[in-house]
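Asks: Structure of the sequence below:
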Amino acid sequence: MRWTCSVCGEEHDGLPLDWAYDSPTYWDGPRNDGDWITPDLCSWTDDVGERAYFIRGVLQVPVPELADSLRYGVWSSLSEKSFERVRELWDDQARTEEQPYFGWLMNSLPNYPDTLRLPADVVTADLELRPDIVLHDGDHPLIREQQEGITVERLLEIVGPRLHEVALDG
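Replies: The predicted model follows:
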């Protein structure tokens, strides 16, 4: 699909549908013994001495016109109990039968009012895939768009500026 960018005015080929965050908001590297991050899991001691736990998943926003989705690789918090259960079952097929884990979205997505700490379910499925991040019902544009989908026009509003952020930052 070819489209004209509203930022640079140039025509681009293909739509980037995958955006990922390398870490949860507030992670700025290990500060204490025992702080760590992998591509899928993260844990650290926060400023008040409490241990925090996170998992990376995929938040999908359907684009019905394309029969595809905009996919955000985002982080969700987990309770210690849920985090330990996830780790226990990480390579076990039984993981796919687990009930969703409760968490809070831990990334701020551009082109939306603040998304940090939106309540979500972390849904584990196929062992080869990251869990799905499914936002709880509520009055927020991201929640509505995850439930109802977005148009290609809205997709372009979201990805156009991000393409240029990546080009400038990278």
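Asks: quick one: least confident helix or strand in the protein?
Replies: Ranked by mean pLDDT, DSSP states H and E, the helix or strand of the chain with the weakest confidence is strand 2-4, at a mean of 61.
Asks: give me every residue that touches the residue nearest to residue 18 when sequence neighbours are not counted.
Replies: Among residues not flanking residue 18 along the chain, residue 71 sits closest, at 4.9 Å (CB to CB, 6 or more residues apart in numbering). C-beta: built from backbone N, CA, C; applies to glycine. Contact criterion CB atoms under 8 Å, 6 or more residues apart in numbering gives 17, 18, 19, 58, 59, 60, 61 as the residues in contact with residue 71.
Asks: same deal with residue 130?
Replies: Counting by CB under 8 Å, 6+ apart, residue 130 makes contact with 40, 56, 57, 58, 73.
Asks: List the contacts of the fourth one.
Replies: Contact criterion CB under 8 Å, 6+ apart gives 71, 72, 73, 74, 129, 130, 131, 132, 133 as the residues in contact with residue 58.
Asks: Show me the beta-bridge partners of it.
Replies: Counting by DSSP bridges, residue 58 forms beta bridges with residue 73, residue 132.
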